[in-house]
Structures are given as C-alpha cells and as structure tokens.
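1. okay, structure incoming, though there's no sequence with it:
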C-alpha cells in the first residue's frame, strides 16, 4: 500500500515536473553516503567521505539559496546484500535522492541495479570495476574518480614512455587480477613495451617470496602488481625485503591509494609507481581543500581520491540541480542534466561526463618519494606523468554500454 | 501444560508440544502482520532467509551435535545456482529454487561423505576446509563473476502467477517458504529419525551399540541441513537480487554460529530469534559505522557469559518448557 502510494506520488511529481518545467518545485535533497566504515577500505572512504559530503553541502552555498539538504550515512560492511538492503530502505523510507562513495565493486554494482530500478542517482567514486560504465551501465549512474581500465591504461602507458619497456606481472588469480593484467598488457605492447612473463598467486597470499624471486630473475624493468588490498601491500613489503627496488627494478601498483602508502610508510613504499586522479598537494586549490579537510578528519589525514570524488561529485550534482531550479526527483533526468553540463571543479579540473556515465579528467602517474625527499607528513608523491582526460579512460568506441547504441 | 516434570530443555515429551504450537502460531501471526505494521518488509525478508539458514544449521549442531564450520558453502551454492539459473538460463523462480536446492543436496552428499568420517573439532575443520576450497572455486569460475557477483537477478513470476517484483507478494512467498521449511525441521526433529540423532548427540558409542548405523544418520542429517541452507540461499537471491562471495565466505559460516548461539542452541525457535537479532543489528546499527562489529562482539561475549543457553534457551529453561 505504502509503495503504491509513493509510486503514485512519484508519478504525479513527474507529471508536474515535466508539465511545469523548471518551475517552483521541491528544494529538498537527501544524500546517502554508503561506504565501508569498519573494514579494509574504511580509511579510503568511511568517515572521511562523510566529512567530504558535509563540506560539499557547506561549500556549495545551496543552503543560502533556500535548499534543504539532509544526509544519512551507513556502513555496508562490504556485503552486497547489506548494501542493497540499506539502499532500498533509504530510497523507499528515507527518500534518499543520491548515493555517493559506494566503494567495493560488488556493492557498487548492486546499488547500480537498485538506482536504475528505483530511478535514483548514484555518483560512484569508490568502486574500481569498469563494468559500471561498460556492459552494466545505467542512465542513473555516474562513475566519478577512477576505474580499472584507466589505472591500467595510464600506469602502463606512462611507464613505458618513461623507459620502463619490459614488464613482469604479479597477478591475483581471479577475474579482477586477470582483467588488470590483460588490460595493462595490451597498453604496454601498444606503447612499444614487452611483457616478459607473469606469475599468478592465489587471493590473500601471505608469502610472496617465490613469486618475487621469479620477478627478480626475469630482469624486467617494471614489476606490475595486478592485485589489490592486502595482497598489494604484502607484496610491496616483501619486495622491499628482497631489495627489488634497490636492485634497479621498479614496482608498479595497478590499484593503490595514498592511504596504502601512508600505512606502508615511505621506507617500504619508496620508488613505487602508480596512478591516481587526485593528490592533495597537486595545486593551490587541492591544497586549500585538503587543508580544510584534514583539520576536520581524524588523525589529520589528507583526503584520498575517493573522498575528493565524493566532494567534487556532489558539487556538480548541486550545481545542476540549482540550475534546474528544483529537485525533479527523477534520477535519470538529473543524471542526463549532469551529463549535459561540463564539469569544472577545484579538485579534478575541467572534465565532462560521457554518455555512458564515465566522468573523465586527467590522470596522474606518481612515484613515491624516498624518506629523504619527503618534507613532512603526507608528503609522499612526485608527479612523473600526466595523461590527458580524453586519453586516460576507455574510449567510447570500445565501451559495450547499451546506452550508446541508441 | 499440567505436568511440571524435570525434563531437560530439549527432551520433548508429549504435553509440551502444545507450547511449541502456541509459539508457532504467535510467530506466524506476527510475521503475517508485518506488511501492515509499517516495519520495512525487506528487512524482515532478509532476516527470514537467515533465520531459515540458522534453523538448518541448528538441525545439525543442536540435534546431531555436529558443529559444521563451513555451512556458508550451502548458502552460497544455493544462491549462485539459483541466481545463475534465473538470470542466464531465464528459468522461473520455482525452478531456480529447485535447482539451487538440488545443487546444495549434491554438495551435501559429497562433503558429507568426507566430513562425517571424523568427530568433534576434526569434523569442524574438514567442513571449514571444504568450504574454503569452494570459496576459491567460486572466486575463479567465470559464472560467478568473482568479486562482482551475479547482480540484478530478475525476480520473475513464481508459478506464473505470483509477481515477485511486488514487495508484498514477495514477502508472503518468502514467508510461506520459511514456515513450510520450519515445520519440516520441526517434523524432522520430532520424528524417530530425530530421536536417533539426539541419541547420537548424547552418546554415539551407545547409539552404535544399540544397533544404529550412526554414520548413515549423520550423513542424512548433514544432507538435510545442507539442503535447507541451500534453500535459504536460493530464496535470498530473490530478496537481495544478487548472489555474491559474501555468502560463501567463512565469516558467514561464523555468523550463523553466532545467530544460533544468541538465539539458543538446540531450541526450535532460538535460531529464528538469533537471526533477527543479528540481522537487525547489521541493519539498524549500520549508521554507527565501525561500531557494528564491536557491538556484535560485545553481545556475543555477554551472551556466552550470562545466558549461555541463548535467548530462547533461557526462557525455555526458566519456564521448564521446550521451545
């Protein structure tokens, strides 16, 4: 009964909205920050994403313009069904309009289906899976910060161009790792490099010694880590013990964040290469945002790119709704408006949202500094290459997104 | 009702069966009223699936004394097979559920034959090992899509008439399946077969000396429990519309132990209450973020220290009833 009633309300709101256009309507927005608050990604998103969303609300100036913005947040515990349940309840009962963060690809894809079914919006800045804007793209989802294709592409290409033309892979032996290896191999070969070999390791491996020895024996200039989470940090730590970086080889992480570098420490992480689309110390604007952010965060942490993505994604969302004059309560319509307006924000620079929901912006290849180069806490990266927005992400011609085939 | 003899909490003697019937009626009445009460039905559906899972688990530990630490493999297998059948093969929900349960039964036969050869902690370790084995299989096989899971499973029409995409219809379908399975478990426990299981739990050598082929009984109990856990997984697919690695991960095997312990080991209604408590914590405390796991841990410790029989177990013990 309740759902019928809300469907009726939604229906009549839609009719009203389309009939009157951008005429006086609902100026309420409710944001749902769905993230991992307790697990292994908690540093990456978690409480910091809530702070970022709060800052976006304050900095947008929407409240002064008469908008009423509420926010809820929850821990999905990295379980897709917990995520779906919270999400469904948020949409049905709490009337949440937009989901942000939503890290973890499994949860991200589940919410992706949910927002399509319920016509809400997801601005995903946390999930890595490029499927979100590929085979499973929806008119309700924007994928904001990064994806696996971009990471492989940017890291592979930039490293080959800076002389790292022979590669050896350490690959987590499941779909995710294999996809990363395959994508990166394609990029490396295309850029004129050569892949000398690869070794697969099981998920959650504690001992990487035999794999690392093989990588060392291959004499490849770059050892690519096509794995994630604990496997990546474990392999980096053990690579430091084997002196791989000191021996002249370079480590390239294909999915790594500043929070990982922070927890590894510069002694272990130095010399590591990887791609991010945001770094707090990139320019004056990112420094200004990060200063405000770290003052509010626990342990004075600098924002990760996922948290920066929450902020910048919401600002664009607010800008679009403000230009529209009201919240049409129609997810697909809002997302199409978001795609129509070019994005321009302090953190990711100029960019746009492609028809498949992929937000594009420049990608940066960083190298982790040595302890002597680092001037203070969180001073971790040297910028060694930039891939322009139109080259960094999967070209639309290669995207299998059904939205493109109209 | 009249005799107040000192029967143990689970020694079912005839007069007390009426208590369980009353409890069952109350539970049914409460559950039937959920959609009109304003409680969010999706939460209750989710909890019902886990309640069924916990009841299946309880059938094994509570009544046969076999602690399986790999029960998530049945939940996950039921879920994956059903999700794949419904999404890729496009079969109707009832066929999907049958396939999911069939897969769980097959798995139960194979793993059961291996696991029941050992007792106690060794049995638990074997089931844990087998379920971890299966976890890695599911991580790698293409049809499960690894970490992404099988997403966006269509809900479809049950028997061609019940539209599962309507929350109310879905709720009552899930409820009916749960109640039927619950009655089945109750029937199993109170059958001669169930009595033999209890005797094995109490003293296996004695049961053997009485002429029972205990291995066959244990295998049967293992398969039944696995099948019911598979059913829970299969039904859950239509509620959550996805099947993911979470359901085969060992933490899920741990969670079901927690649910059963909180509710009351070896009680009929205990696992149901336990499942509702744990799922409610996951849902309603989600906004506390990282504290959910801490709270869950504290509750577990409190439960073990102060009411070891679990919520229902303590109530049953206090009133000297069997619930």
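-> Yep, it's here. Everything numeric in this text was worked out from a predicted model, so none of it was measured. Residues are numbered from 1 along each chain as shown, chains lettered A, B, ... in the order given.
2. what helices or strands is the helix-or-strand element of chain B with minimal mean pLDDT leaning on?
-> Scoring the helices and strands of chain B by mean pLDDT, DSSP states H and E places helix B:291-306 at the bottom, with a mean of 83. Helices and strands touching helix B:291-306, by 3 or more C-beta pairs under 8 Å, 6 or more residues apart in numbering or on different chains; DSSP states H and E, are helix B:250-263, helix B:270-284. (Glycine included, C-beta is placed from N, CA and C.)
3. just the closest residue of chain A to chain B, please.
-> Minimum separation of chain A from chain B (C-beta to the nearest C-beta) falls at residue A:37, amounting to 3.1 Å.
4. now for that residue, how many residues are close by?
-> Here the number of neighbours of residue A:37 (other C-beta atoms under 10 Å in any protein chain shown) works out to 26.
5. residues touching residue 193, list them.
-> Went with chain A since none was named. A:156, A:160, A:164, A:165, A:166, A:167 (C-beta atoms under 8 Å, 6 or more residues apart in numbering or on different chains).
6. oops, chain B please
-> Contacts of residue B:193 were listed using C-beta under 8 Å, 6+ apart, and they are B:217, B:220.
7. next helix or strand past whatever helix or strand it lives in?
-> Using DSSP states H and E, residue B:193 falls within helix B:192-202. The helix or strand immediately downstream of helix B:192-202 is helix B:204-209, counting by DSSP H and E.
8. so what does that following helix touch, helix or strand wise?
-> Helix B:204-209 packs on helix B:192-202, helix B:214-240, going by 3+ C-beta pairs under 8 Å, 6+ apart.
9. out of the ones you listed, nearest to residue A:347?
-> Proximity to residue A:347 (C-beta to C-beta) singles out helix B:214-240 among the helices and strands packed on helix B:204-209, at 34.4 Å.
10. ok, which of the helices and strands packed on helix B:291-306 comes nearest chain A?
-> Of these, nearest to chain A by C-beta to the nearest C-beta is helix B:270-284, at 5.8 Å.
11. buried sites along the closest one?
-> By 16 or more other C-beta atoms under 10 Å in any protein chain shown, the buried positions in helix B:270-284 come out as B:270-279, B:281-283.
12. in a markdown table: those, plus distance to residue A:197.
-> Listed next are the buried residues of helix B:270-284 as a markdown table, based on distance: C-beta to C-beta, whole Å:
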| residue | distance to residue A:197 |
| --- | --- |
| B:270 | 55 |
| B:271 | 51 |
| B:272 | 54 |
| B:273 | 56 |
| B:274 | 51 |
| B:275 | 49 |
| B:276 | 53 |
| B:277 | 52 |
| B:278 | 47 |
| B:279 | 47 |
| B:281 | 48 |
| B:282 | 44 |
| B:283 | 48 |
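13. possible to save these as CSV with pLDDT and distance to chain A?
-> Below are the buried residues of helix B:270-284 laid out as CSV (pLDDT from 0 to 100; distance: C-beta to the nearest C-beta, whole Å):
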residue, pLDDT, distance to chain A
B:270, 92, 23
B:271, 94, 19
B:272, 95, 18
B:273, 93, 19
B:274, 93, 17
B:275, 94, 14
B:276, 93, 14
B:277, 90, 15
B:278, 89, 11
B:279, 88, 9
B:281, 85, 11
B:282, 80, 6
B:283, 78, 6
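14. could you identify the most distant pair in these?
-> Farthest pair in those, by C-beta to C-beta: B:270 and B:283, 20.2 Å.
15. residues contacting residue B:63?
-> B:10, B:189, B:194, B:197, B:198, B:201, B:221, B:266.
16. again, 10 Å this time
-> B:10, B:185, B:188-189, B:194-195, B:197-198, B:200-201, B:221, B:225, B:265-266, B:268 (C-beta atoms under 10 Å, 6 or more residues apart in numbering or on different chains).
17. out of the residues you listed, which end up buried?
-> The neighbour-count test (16+ other C-beta under 10 Å) marks B:10, B:185, B:188-189, B:194, B:197-198, B:200-201, B:221, B:225, B:265-266, B:268 as buried among these.
18. look at the nearest residue to residue B:88 once chain neighbours are set aside and report its pLDDT.
-> Spatial nearest neighbour of residue B:88, excluding adjacent residues (C-beta to C-beta, 6 or more residues apart in numbering or on different chains): residue B:143 at 7.4 Å. pLDDT for residue B:143: 90.
19. so residue B:143, which state does it fall into?
-> Three-state call for residue B:143 (DSSP: H, G, I helix; E, B strand; the rest coil): helix.
20. count the neighbours of it for me.
-> 12.
21. which residue ranges form the strands in the stretch 251-400 of chain A?
-> Counting by DSSP state E, counting those that start in this stretch, the segments of the stretch 251-400 of chain A that form strands are A:272-276, A:343-345, A:349-353, A:359-360, A:363-368, A:381-387.
22. which residues of the stretch 201-323 of chain B score low on pLDDT?
-> Low-confidence segments of the stretch 201-323 of chain B, defined by pLDDT under 70: B:287, B:289-290.
23. ok, now with 80
-> Across the stretch 201-323 of chain B, the ranges flagged by pLDDT under 80 are B:283-293, B:321-323.
24. list, one by one, the residues from it near chain A.
-> Within the stretch 201-323 of chain B, the positions near chain A by C-beta under 10 Å from any C-beta of the partner chain are B:236-237, B:239-247, B:249, B:251-252, B:279, B:282-294.
25. packing partners of whatever helix or strand residue A:236 lives in?
-> Secondary structure assignment for residue A:236, by DSSP H and E: helix A:229-241. Packed against helix A:229-241 by the contact rule (3 or more C-beta pairs under 10 Å, 6 or more residues apart in numbering or on different chains; DSSP states H and E) you find strand A:166-172, strand A:194-201, helix A:209-217, strand A:222-226, strand A:250-253, helix A:258-264, helix A:266-269, strand A:272-276.
26. and the angle from the last one to strand A:381-387?
-> So that's strand A:272-276. 60 degrees (axes from the mean of the first three to the mean of the last three C-alpha atoms, to 10 degrees).
27. sheet-wise, list the partners of strand A:272-276 with their directions.
-> strand A:250-253 (parallel), strand A:363-368 (antiparallel) (DSSP bridges).
28. how about the second one?
-> Strands flanking strand A:194-201 in the sheet, each with its direction: strand A:166-172 (parallel) (DSSP bridges).
29. and the next element down the chain from the partner strand?
-> Following strand A:166-172 in sequence, per DSSP H and E, is helix A:175-190.
30. so is that next one next to chain B?
-> Yes. Applying C-beta under 10 Å from any C-beta, one finds helix A:175-190 touching chain B at A:175, A:176, A:177, A:178, A:179.
31. of these, closest to residue A:216?
-> Nearest to residue A:216 among these is residue A:177, at 19.9 Å by C-beta to C-beta.
32. what's the neighbour count on the closest residue to residue A:394 other than its chain neighbours?
-> Excluding the flanking residues, the one nearest residue A:394 by C-beta to C-beta, 6+ apart is residue A:149, at 4.5 Å. If you count neighbours by other C-beta under 10 Å, residue A:149 ends up with 26.
33. per-residue pLDDT, residue A:149?
-> With respect to pLDDT, residue A:149 has a value of 91.
34. and it, helix, strand or coil?
-> Residue A:149 is classified as helix under three-state DSSP.
35. residues contacting it?
-> Contacts of residue A:149 by C-beta under 10 Å, 6+ apart are A:128-131, A:133-134, A:179-180, A:183-184, A:187, A:358, A:392-395, A:398-399.
36. make a ChimeraX selection of the buried ones in those residues.
-> Per 16+ other C-beta under 10 Å, the buried members of the contacts of residue A:149 correspond to this ChimeraX selection:
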select /A:128,129,130,131,133,134,179,180,183,184,187,358,392,393,394,399
